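Q: here is the input, now give the coordinates:
(one chain, ligands or ions: 1)
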Amino acid sequence: MRMKKIVVIGSLNMDLVANTKHMPKIGETIIGLDFKQIHGGKGANQAVAIARLGGNVSMIGKVGNDNFGENLLKALTEDKVETNHIMKENVSSTGIALITVDEKANNTIIVIPGANYKVTQEEIHEKLELIGEVDVLVTQLEIPIDVVKYSLRRAKDKGVFTILNPAPAQLLDDEIISSVDLLIPNETELQILSGIEIQSEEELLEACSKLIKKGVKELIVTLGDKGSIYFTENEYKKFTAYKANAVDTTAAGDSFVAAIAVGLTNNFKIEKAIDFASKVGALTVSKHGAQSSLPFLQEVMNFEEDYNEKRYID
Ligand code: RIB
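A: Predicted coordinates:
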């Protein structure tokens, strides 16, 4: 049987990560505990997580003609992500994320998009053959919004299932929303997209309902250690999170989205896909960094002692 294929259209960043005891206040200088360069970017993180979980994945994106770009591409190739469609840009440098993580696992992230913002609609047009070949398209909001819109629309035209992780949060026009089969926001992103301030379960459902009316088919809202919810026109289900010893939440959302894409291409029912993704998210927060923390399928299989391997391989 043909293995289903996923394309990720998104960002690649080199994460410059400072670990600190606490977050500095405005105007404060503090001495950090550690510094590392870690491969990141929401798009690349999702592509790597998909590959580590056994998915067949290609990535479309752009890096600068520099060492960071070279290193990111090499790492993706080593992780078995197909990188033939990642372009190089001579004018801008590779995207960078300045990340601070404190001892309570809180983080702050500043992204300098660089080459990520140089991806164009014309370039996506040239990749339509690849988009038409895949079963699932996954994208986020760290590349130009017109490129996100074009990619989603063209994928829909070709009958490809579309997943949008609307991160970092921003307002989206109705044309984008209506091109999304499965939207995976966190609570903050959902608030911004729906314009509804969420303080109760009722408001959470109202926000989901508003997006369904705009044309999204399904929503999974991630709620951190409170779990997640699944929402469609006819269904509403709650899922609890797995307990984790959280040291760094960077890329937890990315790994969750990736796991859902892998689950769906393995024909998992939504409950099973969300359970799988919850385990992947819990494993991710228990390690430091973005791509450095993304688990392999075997680690997910070992997650519960009584876990039966066959559950995840249909
Ligand atoms: O989601 C985590 C990612 O956000 C980091 O890897 C960083 O590059 C930013 O894009």
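Q: hmm, residue 93 is touching residue 114, no?
A: Yes - using CB atoms under 8 Å, residue 93 is in contact with residue 114, at 4.8 Å. All C-beta atoms are positioned from the backbone trio N, CA, C, and that covers glycine.
Q: how about the backbone phi and psi for residue 186?
A: phi -90, psi -180 (degrees, to the nearest 10).
Q: which parts of stretch 202-220 are buried?
A: Of the residues in stretch 202-220, 204-205, 207-212, 214, 216, 218-220 count as buried by neighbour count, 16 or more other CB atoms under 10 Å.
Q: rewinding a little: overlap in contacts of residue 93 and residue 114?
A: residue 64 (CB atoms under 8 Å, 6 or more residues apart in numbering).
Q: hmm, back to that, mark which of the buried residues of stretch 202-220 are part of helices, please.
A: 204, 205, 207, 208, 209, 210, 211, 212 (DSSP state H).
Q: quickly note the distance from the fifth one to residue 220.
A: Yep, that's residue 209 we're talking about. Distance, residue 209 to residue 220, using CB to CB, to the nearest Å: 15 Å.
Q: what does the second one give?
A: Residue 205 sits at a distance of 14 Å from residue 220 (criterion: CB to CB).
Q: where does the prediction get shaky in the stretch 201-314 of the chain?
A: Applying pLDDT under 70 to the stretch 201-314 of the chain picks out residues 304-314.
Q: show me the contacts for residue 47.
A: Counting by CB under 8 Å, 6+ apart, residue 47 has contacts 8, 10, 57, 58, 59, 76, 81, 258.
Q: wait, the second one touches residue 142, no?
A: Spelled out, that is residue 10. Yes - counting by CB under 8 Å, residue 10 does reach residue 142; the two are 6.0 Å apart.
Q: closest one to residue 150 out of the contacts of residue 47, please.
A: Closest to residue 150 out of those is residue 10 (13.7 Å), distances taken as CB to CB.
Q: which one among the buried residues of stretch 202-220 gets closest to the ligand?
A: Using CB to the nearest ligand atom, residue 220 comes nearest to the ligand of the buried residues of stretch 202-220, at 16.4 Å.
Q: burial count for the closest residue to residue 52 other than its chain neighbours?
A: Sequence neighbours aside, residue 296 is the residue nearest to residue 52 in space, at 4.6 Å (criterion: CB to CB, 6 or more residues apart in numbering). Using other CB atoms under 10 Å, residue 296 has 15 neighbouring residues.
Q: same question, residue 32
A: By other CB under 10 Å, neighbour count at residue 32 equals 13.
Q: backbone torsions only: list them for it.
A: Backbone torsions for residue 32, taken as degrees, to the nearest 10, come to phi -80, psi 170.
Q: right, and it touches residue 17 too?
A: No - Residue 32 lies out of contact with residue 17 (CB under 8 Å); the separation is 9.7 Å.
Q: would you confirm that residue 148 contacts residue 142?
A: No - between residue 148 and residue 142 no contact is recorded; they are 9.3 Å apart, counting by CB under 8 Å.
Q: smallest gap between the stretch 151-300 of the chain and the ligand, at which residue?
A: Checked against the ligand (CB to the nearest ligand atom), the nearest residue in the stretch 151-300 of the chain is residue 290, 3.5 Å away.
Q: repeat that for the chain.
A: The chain approaches the ligand most closely through residue 40 (2.5 Å), counting by CB to the nearest ligand atom.
Q: for that residue, give me its contacts.
A: 13, 14, 15, 97, 99, 250, 251, 289, 290, 291.
Q: the second one pairs with what?
A: Here residue 14 sits in beta bridges with residue 39, residue 96, going by DSSP bridges.
Q: per-residue confidence at it?
A: On pLDDT, residue 14 comes in at 98.
Q: if I look at it, how far off is residue 288?
A: Taking CB to CB, one finds residue 14 at 16 Å from residue 288.
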